[in-house]
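Participant: Requesting a structural model of the entry that follows:
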Amino acid sequence: MKISFFEEFPDEKTLGKIKLIKFPTKLIVAAKSVKDFEKIKVKNVKETIYWPILDKKEGYWLSPFSKRTALLRTIKELENSDCKIMWDAELPTRRARLFFTESNNFFRNRKTILEFFRKNGHRIYVSETMMPGFLEKMAEFLCVNFSPYKYKNYKIKMCYTSMRRFNLEKLYKRFADGVDKYGDHFLVAFGTIAVGILGNEPRLKADKLARDIKIADKAGVKEIVIFRLGGLDKEYAKYLNDLS
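Facilitator: As a prediction, this is how the structure comes out:
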């Protein structure tokens, strides 16, 4: 199994945690522009992927409810770059007013997003919230769920058991179904082992992370992503190094 990492707040300290890892890994790094992303240099990393984020007032994550000017700016940058992308497909949470201020732009933004995916899906990893199966179609309409069948993208299902209770048997089935449908284009994200932009994400204990990874491995998942590198310590690293 391949083990990769998100890093939402890249700096010398958080990126320096890569020294604890003894295996080839992939790093998905947040930045507000391609220019800022290209300044980030990390040694001993197999691959670095660009995670575009917006200002908080613009929606931070990418959806049809993001500020249209910000969405157009970001997509234009991405179209002029050939880097691989991690599209964080989440609806605004602490900027709920965007549901009202951008409602008139929803269908235009949705069209813009889908056109970008049709052209560039093969180089996009999409980070999506794990939700009940009956909501998947609605999520697809809202552009927070993208099918590799349609766009050739990679699907990363966020399964943060530190933040939400999951039935482990059902979780195994969801993972196995994802592998059956999408093969190597289906990934799972685990954590959290450090706080993110919300500022209140609980830290998952190492034994619980080990449990989650074992479930994914049993289901046939070929790659997982851990949120986030900055939370790595010797306890987590020992387990991950042994696993690899």
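Participant: from the chain's centre, how far out does stretch 191-211 sit?
Facilitator: Put simply, stretch 191-211 sits 15 Å off its chain's centre (C-alpha atoms, centre = their mean, to the nearest Å).
Participant: which parts of it are buried?
Facilitator: Buried residues in stretch 191-211, counting neighbours by 16 or more other C-beta atoms under 10 Å, are found at 191, 192, 193, 194, 195, 196, 201, 204, 206, 209, 210. Where you see a C-beta, it was placed from the backbone N, CA and C, and this is true even at glycine.
Participant: what about the second one, distance to residue 54?
Facilitator: In other words, residue 192. Applying C-beta to C-beta, to the nearest Å, one obtains 21 Å for the distance of residue 192 from residue 54.
Participant: Looking at the buried residues of stretch 191-211, spot the one nearest residue 11.
Facilitator: The shortest approach to residue 11 among those belongs to residue 194, at 12.8 Å (C-beta to C-beta).
Participant: Low-confidence ranges, this protein, go.
Facilitator: Applying pLDDT under 70 to the chain picks out residues 93-96.
Participant: who's in contact with stretch 211-220?
Facilitator: Stretch 211-220 is contacted from outside by 1, 159, 161, 168, 171-172, 175-176, 178-179, 188, 190, 204, 224, 243, using C-beta atoms under 8 Å, 6 or more residues apart in numbering.
Participant: Buried only: go through these for me.
Facilitator: Under a neighbour-count criterion of 16+ other C-beta under 10 Å, the subset of the contacts of stretch 211-220 counted as buried comprises 159, 161, 171, 172, 175, 176, 178, 179, 188, 190, 204, 224.
Participant: Make CSV from the residues you listed and add secondary structure and distance to residue 82 to it.
Facilitator: As requested, the buried ones among the contacts of stretch 211-220 are exported to CSV (DSSP: H, G, I helix; E, B strand; the rest coil; distance: C-beta to C-beta, whole Å):
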residue, secondary structure, distance to residue 82
159, strand, 30
161, coil, 35
171, helix, 36
172, helix, 37
175, helix, 31
176, helix, 34
178, helix, 28
179, helix, 29
188, strand, 27
190, strand, 29
204, coil, 35
224, strand, 26
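Participant: Export those residues to JSON lines and append columns for distance to residue 98.
Facilitator: Below are the buried ones among the contacts of stretch 211-220 laid out as JSON lines (distance: C-beta to C-beta, whole Å):
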{"residue": "159", "distance to residue 98": "26"}
{"residue": "161", "distance to residue 98": "28"}
{"residue": "171", "distance to residue 98": "31"}
{"residue": "172", "distance to residue 98": "36"}
{"residue": "175", "distance to residue 98": "32"}
{"residue": "176", "distance to residue 98": "36"}
{"residue": "178", "distance to residue 98": "30"}
{"residue": "179", "distance to residue 98": "35"}
{"residue": "188", "distance to residue 98": "28"}
{"residue": "190", "distance to residue 98": "29"}
{"residue": "204", "distance to residue 98": "29"}
{"residue": "224", "distance to residue 98": "31"}
